[in-house]
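Engineer: Would you be able to build a 3D model of this:
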Amino acid sequence: MVFQWNWLRGPLAHAISGRLHRPVTISGNLEVHPWSWAPRATVNGLTIGNAPWAGVEPMARLPRLTVQVRLWPLLRGHTILPLVEAQSPDVRLVRDAQGRANWNFSNSPVPKPLRLPPINHFIISDGKLRLDDARRRLNFVGTVSSNERVVGAGRGTFRLEGKGALNGAPFLALITGGPLVNVDPNRPYPFDAHIEAGPTRAAIAGTIPHPFDLGRMSGKMHLSGPDMADLYHLTGLALPTTPPYDLAAGFGRVEASYAFRRIHGQVGDSDLAGALSVNDSTGRPFLKADLDSRRLKLVDLAAVLGAAPKHLAGHTVSPQQRVIAAKLRAEHRLLPDTHLSVGRMRGMDANVAYRAQSVDAGRLPIRALSLKAVLDHAVLTVDPLAMSLPQGRFTGVIRLDARRSPPSEAVDLRLTDARLENLMPGKGGFPPLEGGLFARAKLSGVGDSLRAAAAGASGSVAVVIPHGEMRKAFAELLGINAANGLLLLFSKSQSETPIRCAVADFHASNGILTAQRLVIDTDPVLSQGTGTIDLRNETLNLRLAGKNKKLRLLHVMAPITVKGTFETPKFGADIGKAAAQFAIGGLLAAVVSPLAVLLPFVGPGLAHNADCSALIAGAGAGAAPRVAKR
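Structural biologist: Got it, this is the predicted structure:
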């Protein structure tokens, strides 16, 4: 009886099935040419079934597959394939929402990169590739070819092209490579990739050092689009919301680790440079980045919170930011209600350091900024957040816990050793206030947007001016001493009066800041305030009643009011409600006695400040002067 190679179809299918953990059938003939130092075999009618969860349609159909192997290297444990030819292969790749991929043939949750042995001559004719990725919301249908018998400019080169949809947006891909004839396993194989996902563009020029080990590659890439957050469905990384970006970098891959070096380009109107790496060896990506900007436009960083410039002229913004800006203008609000994509944060971890050598913050005199952000199992901590001013420093800690829905937020922000004249420069070089400024805001809230978190915020906000100078005209009007104050204002007098101590202390509950202590002590006037700041509807309702320490010729006992919205506050005087006469000593005792606790909360050194300490001591001794009788 003559041996027939088709007798091996069953054992061969069984062997392939055991290796791939997929059902395999061979319906056609086996054609084997063994008598050579490079034996060759052809399998006709090869079908590879799918994973049980991926449906009944086969994973791959190969009507005809030819493989040739060099016998002598094989005997020494090295596989070299002089020829691989696949005619009309039809491959369907599937990944479900849980992350299971039918091309993962191992027990590891992370599919290993394709690693083929060296192939000297690789022919693919009339190939089809389909990809249905529920996790990335990607559907793709493409064609594959690498046939040197094809005529034209692309003869013999590898070419994969197709189209589909990514997260509902049109998706196009074109990947080309060098000729797959006389491929040297020790010579890098070049390839180019061009991807379009809606308005997002990616261009890659790379090499595979050892064809065809796809676990190692390197090259250069160029990436642009309206918002980095849109890259989530393409990369699986929860990147922040940004203005339009245009970045280039060198890249390298070693197994499940990716490195992006020499990053440079623009994000909005800010430059960005540095390095970034991603390790996906466990199926939970870990991103590490060290980034710098020579010049940061602060509104570009504010986009992370879903914010947009109030006026778009002069800013590079995305279409989404235009929508946000229009909505804020229409509703006369400042706090955006853009929903943060906190669900994406649960799938990765990160450690990011960022520095800006200079900052364009409009009227805010911020010189430099730095921060470190750590994302650990859905808990984001920004510590420290630091901004340097011409004098003074703004620091803070921000924590966002996305383990629950909606997420919870907590902030602890401090302003130390700042100068009023830098923050309120005034007109003509004459600021209305001068002196030191300290502040602290310790708040917590729940919500998936900045507006929602602020609307339910609780905690404390305090501002202290331990010493300084105020234009005497403003100090007189706090009284209100109409004759003296208005005269000084109309004459544009720049004479100043000392601020002994000024304190604004608010308690926050359910988005409403209620004044606990609001006092300004100057030489001519001692003022006490009450009222609220409502973060829910962004409104102000404050009253400041002043008491002259000296007899005035014309004294209108009326509080100054601050009302309206954050966007358009309105200052006025409540003439219809005269303030009652009272002793300054009694006022001080009631208002400033808790300062001994408040001052260390704002700044440890404030408890020993001479001006505010004197105010406290004066109140305790009852030594403050009394209001003169009219």
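Engineer: Could you verify my assumption that A386 touches L369?
Structural biologist: Yes - proximity of A386 to L369 meets the contact threshold set by C-beta atoms under 8 Å, at 7.0 Å. In this view, the C-beta of every residue, glycine as well, is placed from N, C-alpha and C.
Engineer: So for these two, which sits in the more crowded spot?
Structural biologist: L369 (21 against 15; other C-beta atoms under 10 Å).
Engineer: Hmm, G283 is touching A101, no?
Structural biologist: No - with contacts defined as C-beta under 8 Å, G283 does not count as touching A101, sitting 10.6 Å away.
Engineer: quick one, helices of the chain?
Structural biologist: Listed in chain order, the helices of the chain (DSSP state H) span 9-20, 71-75, 232-235, 298-302, 319-331, 342-345, 420-423, 450-455, 472-477, 482-490, 584-592, 595-602, 610-621.
Engineer: And those helices, which one averages the lowest pLDDT?
Structural biologist: Lowest mean pLDDT within those: helix 482-490, at a mean of 39.
Engineer: All the strands of the stretch 51-200 of the chain, residue numbers only.
Structural biologist: For the stretch 51-200 of the chain, the strands defined by DSSP state E, counting those that start in this stretch occupy 60-68, 83-87, 90-95, 122-125, 127-133, 138-145, 157-166, 169-179, 189-197, 200-208.
Engineer: Tell me who's in contact with S318.
Structural biologist: By C-beta atoms under 8 Å, 6 or more residues apart in numbering, the contact set of S318 is 226-227, 242-244, 303.
Engineer: Now with 10 Å, please.
Structural biologist: Contacts of S318 were listed using C-beta atoms under 10 Å, 6 or more residues apart in numbering, and they are 199, 225-230, 241-245, 268, 303, 308, 324.
Engineer: ok, now R115?
Structural biologist: Shown here is R115, whose contacts under the criterion C-beta under 10 Å, 6+ apart are 210, 212-216, 255.
Engineer: now for those residues, which pair is the farthest apart?
Structural biologist: Taking every pair in the contacts of R115 and measuring C-beta to C-beta, the maximum separation is 15.0 Å, between F212 and E255.
Engineer: Between the two, tell me which one has more neighbours.
Structural biologist: With other C-beta under 10 Å as the criterion, F212 and E255 differ in neighbour count, and F212 comes out ahead with 19 against 15.
Engineer: Just the pLDDT for that one.
Structural biologist: Per-residue pLDDT puts F212 at 85.
Engineer: same thing with G531?
Structural biologist: The predicted structure scores G531 at 93 on the pLDDT scale.
Engineer: Is the residue nearest to it when sequence neighbours are not counted bridged to anything, and to what?
Structural biologist: Among residues not flanking G531 along the chain, L542 sits closest, at 3.6 Å (C-beta to C-beta, 6 or more residues apart in numbering). The partner list for L542 in beta bridges (DSSP bridges) reads G531, V562.
Engineer: show me the contacts for A453.
Structural biologist: Contacts here follow C-beta under 10 Å, 6+ apart; on that basis A453 touches 305, 335, 340, 400, 406-411, 443-447, 511, 535.
Engineer: Those in strands, which ones?
Structural biologist: Counting by DSSP state E, the contacts of A453 place 400, 408-411, 443-446 in strands.
Engineer: Please parse this protein into its domains.
Structural biologist: In the domain annotation for the chain, the residue ranges read 1-210, 462-630 (automatic domain parsing).
Engineer: Turn these into a markdown table, columns for distance to R261.
Structural biologist: Formatted as a markdown table, the domains of the chain follow (distance: least, C-beta to C-beta, whole Å):
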| stretch | distance to R261 |
| --- | --- |
| domain 1-210 | 14 |
| domain 462-630 | 42 |
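Engineer: Can you tell me which of the ones you listed is packed in deepest?
Structural biologist: Each of the domains of the chain was given a mean neighbour count from mean count of other C-beta atoms under 10 Å, and the largest, a mean of 18, is that of domain 462-630.
Engineer: beta partners of G162?
Structural biologist: G142, A173.
Engineer: Is it correct that I533 is in contact with L518?
Structural biologist: No - with contact defined as C-beta atoms under 10 Å, I533 does not reach L518; the gap is 11.1 Å.
Engineer: Residues that sit against both of these two, list them.
Structural biologist: Applying C-beta under 10 Å, 6+ apart, one finds that I533 and L518 are jointly contacted by 506, 542.
Engineer: Please name the bridge partners of the nearest residue to C612 once chain neighbours are set aside.
Structural biologist: Leaving out its chain neighbours, the residue that sits closest to C612 by C-beta to C-beta, 6+ apart is C501, at 4.1 Å. Taking DSSP bridges, one finds D521 as the beta-bridge partners of C501.
Engineer: related to what we said a few turns ago, using ChimeraX, define a selection of the buried residues within the contacts of A453.
Structural biologist: Here is the ChimeraX command that selects the buried residues among the contacts of A453 (16 or more other C-beta atoms under 10 Å):
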select :335,340,400,406,407,408,409,410,411,443,444,445,446,447,511,535
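Engineer: tell me which helix or strand of this structure sits lowest on mean pLDDT?
Structural biologist: For the chain, the helix or strand with the lowest mean confidence is helix 482-490, at a mean of 39 (criterion: mean pLDDT, DSSP states H and E).
Engineer: list the contacts for the residue nearest the centre of the chain?
Structural biologist: The central residue of the chain, meaning the one whose C-alpha is nearest the mean C-alpha position (C-alpha atoms, centre = their mean), is P240 at 2.4 Å. Contacts of P240 were listed using C-beta under 10 Å, 6+ apart, and they are 227-229, 267, 301, 303-305, 340-341, 352, 373.
Engineer: Going by distance to V461, which of those wins?
Structural biologist: When the contacts of P240 are ranked by distance to V461 (C-beta to C-beta), L305 comes first, at 18.6 Å.
Engineer: how far away is that closest one from G445?
Structural biologist: L305 sits 13 Å away from G445, taking C-beta to C-beta, to the nearest Å as the criterion.
Engineer: Also D412?
Structural biologist: From D412 over to G445 the distance is 13 Å, taken as C-beta to C-beta.
Engineer: between these two, what contacts are shared?
Structural biologist: G459.
Engineer: show me where pLDDT drops low in the stretch 401-550 of the chain?
Structural biologist: The stretch 401-550 of the chain contains residues with pLDDT under 70 at 425-430, 432, 470-496, 523-525, 546-550.
Engineer: about what we covered before: nearest to G236, of the domains of the chain?
Structural biologist: From the domains of the chain, taking C-beta to C-beta, the stretch that ends up closest is domain 1-210, at 6.8 Å.
Engineer: Make TSV from the strands of the stretch 51-200 of the chain and add distance to A41 and mean pLDDT to it.
Structural biologist: Formatted as TSV, the entries for the strands of the stretch 51-200 of the chain read as follows, by distance: least, C-beta to C-beta, whole Å; pLDDT from 0 to 100:
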stretch	distance to A41	mean pLDDT
strand 60-68	6	97
strand 83-87	11	94
strand 90-95	21	96
strand 122-125	15	91
strand 127-133	20	96
strand 138-145	22	95
strand 157-166	23	94
strand 169-179	24	94
strand 189-197	25	96
strand 200-208	26	97
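Engineer: thinking again about what came up before, nearest to K288, of the contacts of S318?
Structural biologist: Using C-beta to C-beta, M228 comes nearest to K288 of the contacts of S318, at 16.5 Å.
Engineer: who's in contact with the closest one?
Structural biologist: Applying C-beta under 10 Å, 6+ apart, one finds that M228 lies in contact with 200, 235, 237, 239-245, 247, 267, 303-304, 318.
Engineer: could you redo the last one with a cut-off of 7 Å?
Structural biologist: When contacts are counted by C-beta atoms under 7 Å, 6 or more residues apart in numbering, M228 touches 239-240, 242, 245.
Engineer: now for those residues, which pair is the farthest apart?
Structural biologist: Based on C-beta to C-beta, the longest span within the contacts of M228 runs between P240 and Y245 and measures 10.9 Å.
Engineer: Can you give me the pLDDT of L554?
Structural biologist: In this prediction, L554 has a pLDDT value of 40.
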